[in-house]
Structure formats: structure tokens, C-alpha cells
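# can't give you the sequence, but here's the structure:
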């Protein structure tokens, strides 16, 4: 069964890399190294030059922008279910000179469930966060959600239950 799944993913991946100058494994390796390790595009350019591949850092940038969301979407299905309880909060951080809200959720062991970076701290952002974190993964729907005292979370959780993203028996704790 795993072999059939692997073959299906390979067939689907072949179509994603049509028309590229480099082979799919090289592109995936570059994107994986960039996402997994603290390497710059120029570091990756020199790593590939050592291995005999002439790849420009701008090309690697385009690969990351193109294929990172695709890799995230495919790997999201294989996340492990958490322990049934998550803690959600948001913090205010400065990115490129602008203040943004970082919504984040962690389980009991401190493993990150998901995050969302947004310009506003409102009901629409909270709904978008729950939708992003739980939309495609019904096994990851928590039984208990712990939040800070923000007034938008009860309404966002209620809308999540109505939309089928959260189970009706979910408990909200402040």
C-alpha cells in the first residue's frame, strides 16, 4: 500500500516540475535545505556549486516561493494528532519595521500545531487561524482549547463548530 501511495505522489510530482531546467530531486533538495536549516540563498548556491551544479541564488529563491507552499500542503496531511488539548495565543512582533500579530497554537508537550501572521487582531483573523490550523485535518481537532482573555476567541470557536472545523464537544478555557 505504501508503494502505491509513493508511486501516486511521484506521478503527481512529475507534473509539478514540468518545464524546469533542473531535475525535481535537486529542486526539492534546495527547498528542503532552505526551509530546514538556517541557510541563505547564497549559501545554497555555494553548496550546489561544490557538487557541480551551477544554480543561481535567485533561481533558488523562485523555487522556494513556488514549491514551499506545495510541500507544506502535501506534508500537512501526515502531521501527527496531538494530545487533544491546545493552547492558542497571539503576540505582537515587528517584521521589516511593521508591527504584526503572530497567532500560534501549541499542544501540551509544547509542539507547535500551527501559526498565522496577520496585520489585524480581530474576529476575521482568529477565524482564519482556526481554519488554517484545522481545515484539512479532522483528526487534529482538539477537545479543549485554552486561550488568553481576547474577546474574539469565543466567537471564532463558535463559528468553527458551526463550520464543521471543530467538534461540537470542544471546551473553551480562558
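Perfect, thanks for sending it. Keep in mind it's a predicted model, so treat the numbers as computed, not measured.

# Near residue 52, how many other residues are there?
For residue 52, the count of nearby residues is 6 (other C-beta atoms under 10 Å). Where you see a C-beta, it was placed from the backbone N, CA and C, and this is true even at glycine.

# Please report the distance of it from residue 26.
Distance, residue 52 to residue 26, by C-beta to C-beta, to the nearest Å: 11 Å.

# the longest helix in the chain is where?
For the chain, the helix with the greatest residue count under DSSP state H is helix 57-76.

# So which bits of it are buried?
By neighbour count with 16 or more other C-beta atoms under 10 Å, helix 57-76 contains the buried residues 59-60, 63-64, 67.

# burial measure for residue 92, as a count.
Number of residues near residue 92 (other C-beta under 10 Å) recorded here: 9.

# what sits against it?
By C-beta atoms under 8 Å, 6 or more residues apart in numbering, the contact set of residue 92 is 99-102.

# The same query, at a cut-off of 10 Å, please.
Shown in contact with residue 92 (C-beta atoms under 10 Å, 6 or more residues apart in numbering): 99-102, 121.

# ok, now residue 106?
Taking C-beta under 10 Å, 6+ apart as the definition, contacts of residue 106 comprise 82, 86-89, 112-115, 146.

# So it versus residue 100, what's the distance?
Residue 106 is 19 Å from residue 100, by C-beta to C-beta.

# related to what we said a few turns ago, let's have the buried residues of helix 57-76 in CSV, adding pLDDT and distance to residue 20.
Formatted as CSV, those follow (pLDDT from 0 to 100; distance: C-beta to C-beta, whole Å):
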residue, pLDDT, distance to residue 20
59, 93, 10
60, 94, 13
63, 91, 9
64, 91, 14
67, 87, 10
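
# Assign a three-state SS to the residue of the chain positioned farthest from its centre, would you?
Distance from the centre of the chain peaks at residue 52, with 32.0 Å (C-alpha atoms, centre = their mean). Recorded secondary structure, residue 52: coil (DSSP: H, G, I helix; E, B strand; the rest coil).

# Okay then, goodbye and thanks.
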